[in-house]
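1. pasting the sequence and the predicted coordinates here, then a few questions.
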Amino acid sequence: MKKAIPYLAVARVEGEDAADFLQSQLSADIAALEPGGTTLACYCTPKGKVLGLLLVGRDSGGFLLAGHQDLLPGILQRLRMFVLRSRVTFSDTGAVVLAGDGGHAFGCSDEADTLENTDAWRAGELQAGIVWLNSKSTDSYIPQMLGFENIGAVSFQKGCYPGQEIVARARYLGKVKRKPLVLEIDGTPAIGSGDKARVRRGDDWSSAVVVDSAPTGAGTTVVFTVTTAEPEIAADALEFDGETYGCATT
């Protein structure tokens, strides 16, 4: 049975201009969504920094928008600022994001129990490249630093959206000097968003910033970091708070 993910909140966006409005604001190709379809998307600042990762679903009534519960209210408030004369409305909804074998899906709150092993699910998300930004990591990275183009959250063929020029320039000029590095480390240290660490790849140690982490429940922790793009080889150690942990690149 699918379970509701407790750290994600959901809102409804509807109205005659909802599709065009979201297409102009988010980094994914919202206009290409068919009813019943979903996509991940970024909401960025004009400087291309990601304010939050979103899950967008389309149904017969409009769109469902899900994001981290700490960030979604602020994202919705910001989106409302740009509605202007567009026929778009935002409202609360009884929908939740469900965790299941097929990944994320939308459902009604009375159809699912709450996910029990939240940490293990989050660890799986991080291994898949899905990191839900929070209050400590919002407005800190362009999408490519987080690898969001690899999970379908960025379209380089659609039209403009806030920060699009900077995101596109980074892609076509190859100027992304920091990229994600996801590690599974031995042990369960108290390491979290915003913490500084170092990773060893070959003979080189590089500084890294932790975006998020989650214990797997099997004595290891998945750590999503942003670090220098080079060298492009697997890491074998992470240093944090004076301790060194063996690790593997996921």
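-> Alright, I've got the coordinates. All figures in this text were calculated on a predicted structure; none of them were measured in a lab. Numbers count the residues shown, from 1 in each chain.
2. domains of this structure?
-> The record's domain parsing of the chain by automatic domain parsing lists 3-149, 177-249.
3. now these as a markdown table including mean pLDDT?
-> Formatted as a markdown table, the domains of the chain follow (pLDDT from 0 to 100):
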| stretch | mean pLDDT |
| --- | --- |
| domain 3-149 | 95 |
| domain 177-249 | 96 |
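4. would a markdown table of those with distance to Glu165 and mean neighbour count be doable?
-> For every residue, glycine as well, the C-beta is placed using N, CA and C. Listed next are those as a markdown table, based on distance: least, Cβ to Cβ, whole Å; neighbours: other Cβ atoms under 10 Å:
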| stretch | distance to Glu165 | mean neighbour count |
| --- | --- | --- |
| domain 3-149 | 8 | 18 |
| domain 177-249 | 18 | 17 |
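5. pipe those into CSV and attach distance to Lys158 per row.
-> Listed next are those as CSV, based on distance: least, Cβ to Cβ, whole Å:
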stretch, distance to Lys158
domain 3-149, 5
domain 177-249, 23
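6. nearest to Ile166, of those domains?
-> For Ile166, the closest of these is domain 3-149, at 3.3 Å, according to Cβ to Cβ.
7. tell me the gap between the closest one and the middle of its chain.
-> Taking the mean of its C-alpha atoms, domain 3-149 sits 9 Å from the chain's own mean (Cα atoms, centre = their mean, to the nearest Å).
8. endpoints of it, how far apart?
-> 27 Å (Cα to Cα, to the nearest Å).
9. distance check, the closest residue to Gly62 other than its chain neighbours against Asp203.
-> Once flanking residues are discounted, Gly62 sits nearest to Glu14: 3.0 Å by Cβ to Cβ, 6 or more residues apart in numbering. Noted for Glu14: a distance of 56 Å to Asp203, by Cβ to Cβ, to the nearest Å.
10. same question for Val211.
-> Applying Cβ to Cβ to Val211 and Asp203 gives a distance of 25 Å.
11. pretty sure Gln23 sits against Ala32.
-> No - assessed by Cβ atoms under 8 Å, Gln23 is found out of contact with Ala32, at 9.1 Å.
12. tell me who's in contact with the residue of the chain positioned farthest from its centre.
-> Going by Cα atoms, centre = their mean, the residue of the chain most distant from its centre is Asp203, 30.9 Å out. With contact set as Cβ atoms under 8 Å, 6 or more residues apart in numbering, Asp203 has no partners.
13. can you check the one 3 residues further on too?
-> Ser206 makes contacts with 198-199, 227-228, as judged by Cβ under 8 Å, 6+ apart.
14. between those, which is closest to Gly74?
-> Thr227 (27.5 Å).
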